[in-house]
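> build me a model:
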Amino acid sequence: MRTAVARTTLTGMHDARRQATRILLVDRRGFSRSALAGLLRSISGVQLLGETVDGDALGGALVAQRPDVLIVDDRVLPVVLANDHAAGLRLIVVGVDDDPGYAARAARAGAEAWVEKDRAASLLPPLLWNPRVVSAPHGGPTRHPGAALGSER
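As a prediction, the model looks like this:
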(Lines give C-alpha, C1' and ligand atoms only; values in the text may rest on other atoms or scores of the structure.)
Protein backbone atom coordinates (compact mmCIF):
# COMPACT_ATOMS: atom_id res chain seq x y z
CA MET A 1 0.00 0.00 0.00
CA ARG A 2 1.41 3.37 -1.03
CA THR A 3 0.97 6.36 1.21
CA ALA A 4 1.29 9.94 0.12
CA VAL A 5 3.70 12.13 1.96
CA ALA A 6 2.53 15.67 2.62
CA ARG A 7 5.21 18.31 2.29
CA THR A 8 5.17 20.98 4.98
CA THR A 9 6.12 24.61 4.53
CA LEU A 10 6.30 27.40 7.06
CA THR A 11 2.88 28.52 5.91
CA GLY A 12 0.91 25.30 5.74
CA MET A 13 0.45 21.87 4.25
CA HIS A 14 0.02 20.70 0.69
CA ASP A 15 -0.98 17.27 -0.54
CA ALA A 16 2.01 15.99 -2.51
CA ARG A 17 -0.27 13.88 -4.74
CA ARG A 18 -1.61 16.95 -6.53
CA GLN A 19 0.07 18.25 -9.63
CA ALA A 20 2.16 21.37 -8.99
CA THR A 21 0.56 24.72 -9.74
CA ARG A 22 2.65 26.27 -12.52
CA ILE A 23 3.41 29.97 -11.95
CA LEU A 24 4.79 32.72 -14.16
CA LEU A 25 5.93 35.80 -12.22
CA VAL A 26 5.58 39.14 -13.99
CA ASP A 27 7.33 41.89 -12.01
CA ARG A 28 9.90 44.63 -12.33
CA ARG A 29 13.49 43.65 -11.71
CA GLY A 30 14.89 44.22 -8.24
CA PHE A 31 14.90 43.00 -4.67
CA SER A 32 11.13 42.74 -4.42
CA ARG A 33 10.93 40.46 -7.47
CA SER A 34 13.83 38.32 -6.21
CA ALA A 35 12.19 37.97 -2.80
CA LEU A 36 8.85 37.03 -4.31
CA ALA A 37 10.49 34.49 -6.62
CA GLY A 38 12.29 32.95 -3.64
CA LEU A 39 9.03 32.74 -1.74
CA LEU A 40 7.27 31.03 -4.66
CA ARG A 41 10.11 28.50 -4.98
CA SER A 42 9.72 27.63 -1.29
CA ILE A 43 5.99 26.86 -1.44
CA SER A 44 5.29 23.16 -1.79
CA GLY A 45 3.04 22.28 -4.68
CA VAL A 46 4.15 25.32 -6.68
CA GLN A 47 6.50 25.36 -9.66
CA LEU A 48 7.91 28.75 -10.63
CA LEU A 49 8.31 28.51 -14.40
CA GLY A 50 10.02 31.84 -14.86
CA GLU A 51 10.13 35.57 -14.32
CA THR A 52 9.56 38.32 -16.87
CA VAL A 53 8.48 41.94 -17.29
CA ASP A 54 9.02 42.66 -20.96
CA GLY A 55 5.88 42.48 -23.13
CA ASP A 56 7.62 40.56 -25.94
CA ALA A 57 9.19 38.06 -23.56
CA LEU A 58 5.86 37.65 -21.76
CA GLY A 59 4.06 36.44 -24.89
CA GLY A 60 6.77 33.90 -25.63
CA ALA A 61 6.84 32.68 -22.04
CA LEU A 62 3.06 32.27 -21.95
CA VAL A 63 3.10 30.16 -25.12
CA ALA A 64 6.17 28.10 -24.22
CA GLN A 65 5.63 27.64 -20.48
CA ARG A 66 1.82 27.36 -20.34
CA PRO A 67 1.39 28.50 -16.71
CA ASP A 68 -1.69 27.89 -14.60
CA VAL A 69 -1.38 31.19 -12.74
CA LEU A 70 0.12 34.59 -13.45
CA ILE A 71 1.37 36.51 -10.44
CA VAL A 72 1.70 40.11 -11.56
CA ASP A 73 3.02 43.26 -9.89
CA ASP A 74 0.34 45.93 -10.06
CA ARG A 75 2.76 48.37 -11.73
CA VAL A 76 3.10 46.09 -14.78
CA LEU A 77 -0.50 44.90 -14.94
CA PRO A 78 -1.14 46.82 -18.22
CA VAL A 79 1.62 44.78 -19.92
CA VAL A 80 -0.19 41.56 -19.01
CA LEU A 81 -3.63 42.83 -19.93
CA ALA A 82 -2.36 43.85 -23.37
CA ASN A 83 -1.21 40.29 -24.09
CA ASP A 84 -3.83 38.04 -25.73
CA HIS A 85 -2.05 34.88 -24.49
CA ALA A 86 -2.83 35.85 -20.87
CA ALA A 87 -6.59 35.69 -21.41
CA GLY A 88 -8.29 33.01 -19.35
CA LEU A 89 -5.39 32.36 -16.97
CA ARG A 90 -5.76 32.72 -13.21
CA LEU A 91 -4.44 36.14 -12.24
CA ILE A 92 -3.15 37.20 -8.82
CA VAL A 93 -1.94 40.79 -8.51
CA VAL A 94 0.67 41.78 -5.93
CA GLY A 95 1.73 45.24 -4.84
CA VAL A 96 3.61 47.25 -2.27
CA ASP A 97 0.94 49.82 -1.41
CA ASP A 98 -1.93 48.98 0.92
CA ASP A 99 -4.35 51.14 -1.06
CA PRO A 100 -7.86 49.81 -1.80
CA GLY A 101 -7.64 51.51 -5.23
CA TYR A 102 -5.05 48.96 -6.36
CA ALA A 103 -7.29 46.08 -5.29
CA ALA A 104 -10.21 47.65 -7.15
CA ARG A 105 -8.10 48.01 -10.31
CA ALA A 106 -7.01 44.37 -10.02
CA ALA A 107 -10.65 43.29 -9.66
CA ARG A 108 -11.63 45.26 -12.77
CA ALA A 109 -8.82 43.44 -14.61
CA GLY A 110 -10.29 40.06 -13.64
CA ALA A 111 -7.82 39.15 -10.90
CA GLU A 112 -8.95 36.64 -8.33
CA ALA A 113 -6.89 38.39 -5.65
CA TRP A 114 -4.73 41.38 -4.81
CA VAL A 115 -2.00 40.69 -2.24
CA GLU A 116 0.22 43.19 -0.47
CA LYS A 117 3.81 41.98 -0.98
CA ASP A 118 4.57 42.30 2.74
CA ARG A 119 1.84 39.73 3.40
CA ALA A 120 2.61 37.41 0.47
CA ALA A 121 4.22 34.70 2.61
CA SER A 122 0.97 34.13 4.49
CA LEU A 123 -1.57 34.89 1.75
CA LEU A 124 -0.15 33.36 -1.44
CA PRO A 125 0.04 29.68 -0.37
CA PRO A 126 -3.69 29.32 0.35
CA LEU A 127 -4.54 31.25 -2.81
CA LEU A 128 -2.36 28.95 -4.89
CA TRP A 129 -3.47 25.72 -3.20
CA ASN A 130 -7.18 26.60 -3.24
CA PRO A 131 -8.36 28.79 -6.10
CA ARG A 132 -11.61 29.49 -4.23
CA VAL A 133 -9.80 31.61 -1.62
CA VAL A 134 -10.33 35.28 -2.41
CA SER A 135 -8.26 38.00 -0.76
CA ALA A 136 -9.79 41.16 0.62
CA PRO A 137 -7.22 43.97 0.85
CA HIS A 138 -7.61 44.69 4.56
CA GLY A 139 -9.21 41.57 5.95
CA GLY A 140 -6.89 38.84 4.67
CA PRO A 141 -8.17 35.81 2.81
CA THR A 142 -11.78 34.80 3.03
CA ARG A 143 -13.14 31.45 1.89
CA HIS A 144 -16.20 32.87 0.21
CA PRO A 145 -16.01 31.81 -3.46
CA GLY A 146 -18.60 34.40 -4.44
CA ALA A 147 -17.00 37.28 -2.54
CA ALA A 148 -15.90 40.20 -4.63
CA LEU A 149 -12.24 41.04 -4.58
CA GLY A 150 -11.71 44.15 -2.50
CA SER A 151 -14.88 43.75 -0.48
CA GLU A 152 -14.69 44.48 3.20
CA ARG A 153 -15.57 41.65 5.59
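
> which ones are touching residue 110?
residue 91 (CB atoms under 8 Å, 6 or more residues apart in numbering). The C-beta positions use only the backbone N, C-alpha and C, and glycine is treated the same way.

> for it, what are phi and psi?
phi 90, psi 10 (degrees, to the nearest 10).

> packing partners of whichever helix or strand residue 78 is part of?
Per DSSP states H and E: residue 78 is located in helix 77-81. Helices and strands touching helix 77-81, by 3 or more CB pairs under 8 Å, 6 or more residues apart in numbering; DSSP states H and E, are helix 55-65.

> and the next helix or strand past the helix it packs on?
strand 69-73.

> picking that back up, what comes up buried for the helix holding residue 78?
For helix 77-81, burial by neighbour count (16 or more other CB atoms under 10 Å) applies to 77, 79-80.

> any chance you could map the strands in the protein?
Along the chain, counting by DSSP state E, strands occupy 7-9, 12-14, 21-26, 46-52, 69-73, 90-95, 113-116, 134-136, 140-142.

> any chance of these in a markdown table, plus mean neighbour count, distance to residue 60 and mean pLDDT?
As requested, the strands of the chain are exported to a markdown table (neighbours: other CB atoms under 10 Å; distance: least, CB to CB, whole Å; pLDDT from 0 to 100):
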| stretch | mean neighbour count | distance to residue 60 | mean pLDDT |
| --- | --- | --- | --- |
| strand 7-9 | 12 | 31 | 38 |
| strand 12-14 | 15 | 30 | 47 |
| strand 21-26 | 22 | 11 | 95 |
| strand 46-52 | 19 | 9 | 95 |
| strand 69-73 | 24 | 14 | 95 |
| strand 90-95 | 23 | 19 | 94 |
| strand 113-116 | 24 | 26 | 92 |
| strand 134-136 | 23 | 29 | 47 |
| strand 140-142 | 16 | 32 | 36 |
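
> much appreciated, bye for now.
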